[in-house]
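Q: mind looking at a prediction? Sequence and model below.
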Amino acid sequence: MTSSSPPAPAPQHTPGPLRPLRRLTARGRDEGHRVASPLELFFDLCFVVAIAQAGAELVHAVAAGHAGEGVLNYAMLFFAIWWAWMNFTWFSSAYDNDDVLYRVVTLVQIAGVLVLAAGVSRAFSDHDYVAVLLGYVIMRLAMVAQWLRAARGARGAERTMALRYAGGVLLCQVGWAGLVVLPVHARPWVFLVMAIAEMCVPLYAEKDYTTSWHPHHIAERFGLFTIIVLGETIAAATAAVKSAVAEHDALTELLPIAAGGLLIVFSAWWIYFVVPIHGHLRSNKESFLWGYGHYLIFASAASIGAGIEVAVEEAVGKAHVSTTAASAAVTVPTALYLLTVWALHSRYFKVGLIQQLVLPVTALLVVGCTFLGGWAVPAAGVVSALAVAAGTTLTARAAHRERPAEAAAAAS
């Protein structure tokens, strides 16, 4: 992905004979009926395991009163998970040939994220990033192997692009070693520098040639991952409520939190999928910002579940934070999700100032709910649901006004 280069002509993908090993060549951007494969769905589910581990540690950190440190660690670990997932997603959209070697290398990447997930707890508690770094390196070296294989089957500018990807990813792995060898206070700066370096690799690699990613396929892959992350949020919140009810018999205190959390997640799903985004992804200029911006969408969506768990623990007296802080653990990521979805999705399809203001105003109101004490989460849920109702109503009215105009134009 890059913001400057024009789309390269997409070669047509012609399925070869069903041999175990096939040449890895680019697929066509205009290929019909392109959908996520079973391997890609399996890949997503395994990556969510790591997100769940990071979310659980975030809950422990915030509930213990270490919100700043917990959020920083969560942001760093989530980047490693998200970046490896996103790189594979765009690569597979352009080059997936589903042969034996492609599947094996993809399974290696899955093994890498599971190693990373196993090291999340020690990274949070002891600042020990050895397992996390090992898992990340496994994922990234597997990605290098995929790019080298693509380079072998390519020629000219496409081959140069694939080699740039492979070389850029390899160089970045050297820099990530700073998370292990440098002092703890220096690691956030290492993360910042290396995160920027990683995100510059696609910009550099595709400056002369654009991969033939498929707009429908990319939109579906990101949408499915959003669904899985929101599902994990519901699962985590449900487990927290179940545990609190079993241990503290506090159903009266927890039902409003559960209802509010459910309304937030339902609204988050509705708002994300209310418009088809694939039509906006016409070139790398649009996809660059859209794809990178999903770091905030995915991270905030997963954080909502962690926040609901913190609110539950505070309601039963297990969290060492104030009610306001526990409420903010829900309302802040919810507001961030609403603003980011508006910036990346909704604003391109809104007509008029009132429609444009629905989600930004909703985000402000959700943040305001933080100060409502024990009713903060249910109030944020109601506000989110009202935003969906308002958006649906405004869209329906706009469509109703357009029909007579269209009929008059057709009659004339």
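A: That came through fine.

Q: tell me the helices in this protein, going along the chain?
A: For the chain, the helices defined by DSSP state H occupy 38-63, 67-95, 100-118, 120-126, 130-152, 156-176, 178-181, 187-205, 215-248, 251-273, 284-315, 323-344, 353-368, 376-411.

Q: would you mind putting those helices into TSV with mean neighbour count, mean pLDDT and distance to Arg22 alongside?
A: C-beta coordinates here come from the backbone N, C-alpha and C atoms, glycine included. Shown next, in TSV, are the helices of the chain (neighbours: other Cβ atoms under 10 Å; pLDDT from 0 to 100; distance: least, Cβ to Cβ, whole Å):
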stretch	mean neighbour count	mean pLDDT	distance to Arg22
helix 38-63	21	91	15
helix 67-95	21	92	11
helix 100-118	19	94	8
helix 120-126	18	88	36
helix 130-152	20	94	11
helix 156-176	17	94	17
helix 178-181	16	84	38
helix 187-205	17	92	24
helix 215-248	19	87	19
helix 251-273	20	90	35
helix 284-315	24	89	27
helix 323-344	24	94	35
helix 353-368	18	92	45
helix 376-411	15	78	46
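
Q: which one of the ones you listed lies nearest to Arg29?
A: helix 215-248 (7.3 Å; Cβ to Cβ).

Q: by contact count, what packs against that closest one?
A: On a contact count with 3 or more Cβ pairs under 8 Å, 6 or more residues apart in numbering; DSSP states H and E, helix 215-248 meets helix 38-63, helix 67-95, helix 251-273, helix 284-315.

Q: check contacts around the residue nearest to Ser303 when sequence neighbours are not counted.
A: Spatial nearest neighbour of Ser303, chain neighbours left out: Pro333 (3.7 Å); criterion: Cβ to Cβ, 6 or more residues apart in numbering. The neighbours of Pro333, taking Cβ atoms under 8 Å, 6 or more residues apart in numbering as the test, are 299-301, 303-304, 306-307.

Q: that older thread, reformat the helices and strands packed on helix 215-248 as JSON lines; add distance to Ile196.
A: As requested, those are exported to JSON lines (distance: least, Cβ to Cβ, whole Å):
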{"stretch": "helix 38-63", "distance to Ile196": "21"}
{"stretch": "helix 67-95", "distance to Ile196": "11"}
{"stretch": "helix 251-273", "distance to Ile196": "27"}
{"stretch": "helix 284-315", "distance to Ile196": "11"}
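
Q: which one of the ones you listed lies nearest to Trp176?
A: Proximity to Trp176 (Cβ to Cβ) singles out helix 67-95 among the helices and strands packed on helix 215-248, at 8.6 Å.

Q: and the closest one, how far out from the chain's middle?
A: With Cα atoms, centre = their mean, to the nearest Å as the basis, helix 67-95 stands 8 Å off its chain's centre.

Q: ok, the residue lying closest to Thr233 once chain neighbours are set aside to Arg103 distance?
A: For Thr233, ignoring the flanking residues on the chain, the nearest one in space by Cβ to Cβ, 6+ apart is Gly305 at 3.1 Å. Distance, Gly305 to Arg103, by Cβ to Cβ, to the nearest Å: 31 Å.
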